[in-house]
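In: Provided below are the primary sequence and the corresponding predicted coordinates.
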Amino acid sequence: MTTLDDLDLFDAPTGTQPEPRPCRRHNWYPTPDGSEVCLRCTKVKDPATARRGKNNRSRGNAIEREVGKALGLRRVGQYGGPDDLSGELFAVQVKSGGAFSERYWSWLRAVPTNAGQTPLLVVTDAPGAGHRRRALVVLELGEWIALHGPEGVTA
């Protein structure tokens, strides 16, 4: 029978070492050859990937600012919460990029309207018995501003 005294608990295990876990936030350090390496996980920094990420973040922030200005809301997304814009009546999450639904856009554009009417699209699901139906109302941003005005959102 093996006892705790027989086990070597303080030596490193033999064999290959596992790969270090990737960092949540890298700590870049310059190397003599001009590249940068993370001090925590030893990953080499790819300048093209870093530039692409920085450009995408800047573009997303610019879109947030533009929508916030159009709606008359203040930006709160930089504080780490789930909302990007906030006002007295609304908390807004702004998404841009590949999530834009061309299907919803074409359905909204196809709604026939008369003078003074605003096209709305209501999208629902049909989950079946015992489950509550969900629904979304889709309205073009320009139409929203025409109805409420940029200051009408926070009043």
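Out: Received, thanks. Given the structure is predicted, the values throughout are model-derived calculations rather than measurements. Numbering: from 1, shown residues only.
In: buried residues in the longest helix seen in the chain?
Out: Secondary structure of the chain read by DSSP state H shows that its longest helix is helix 47-71. Neighbour-count burial for helix 47-71 flags 60, 64, 67-68, 71 (criterion: 16 or more other CB atoms under 10 Å). C-beta here means a position set from N, CA and C on the backbone, and glycine is covered the same way.
In: any chance of those residues in TSV with pLDDT as columns?
Out: What follows is the buried residues of helix 47-71, written out as TSV (pLDDT from 0 to 100):
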residue	pLDDT
60	88
64	89
67	90
68	89
71	89
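In: how about the helices in this structure?
Out: So, for the chain - with DSSP H - the helices run 47-71, 102-109, 141-152.
In: which residue is nearest the centroid of this protein?
Out: residue 95 (6.7 Å; CA atoms, centre = their mean).
In: neighbours of residue 120, how many?
Out: 13 (other CB atoms under 10 Å).
In: hmm, I was thinking of residue 93
Out: Residue 93, neighbours per other CB under 10 Å, totals 11.
In: my guess is it contacts residue 81. True?
Out: No. Counting by CB atoms under 8 Å, residue 93 does not reach residue 81; the two are 9.7 Å apart.
In: where does the chain have low pLDDT?
Out: By pLDDT under 70, the low-scoring segments of the chain are 1-2, 8-9, 11-20, 150-155.
In: picking that back up, if you count contacts, what does the longest helix of the chain end up packed against?
Out: Based on contacts counted as 3 or more CB pairs under 8 Å, 6 or more residues apart in numbering; DSSP states H and E, the elements that helix 47-71 packs against are strand 74-75, strand 85-86, strand 91-92, helix 141-152.
In: for the last one, list every residue counted as buried.
Out: It refers to helix 141-152. residue 144.
In: what about that helix, distance to the chain center?
Out: 25 Å (CA atoms, centre = their mean, to the nearest Å).
In: elements contacting that helix?
Out: helix 47-71.
In: try it again at 6 Å.
Out: With contacts taken as 3 or more CB pairs under 6 Å, 6 or more residues apart in numbering; DSSP states H and E, helix 141-152 sits against no other helix or strand.
In: residues making contact with it?
Out: Contact with helix 141-152 is made by 70, 72, 118, as judged by CB atoms under 6 Å, 6 or more residues apart in numbering.
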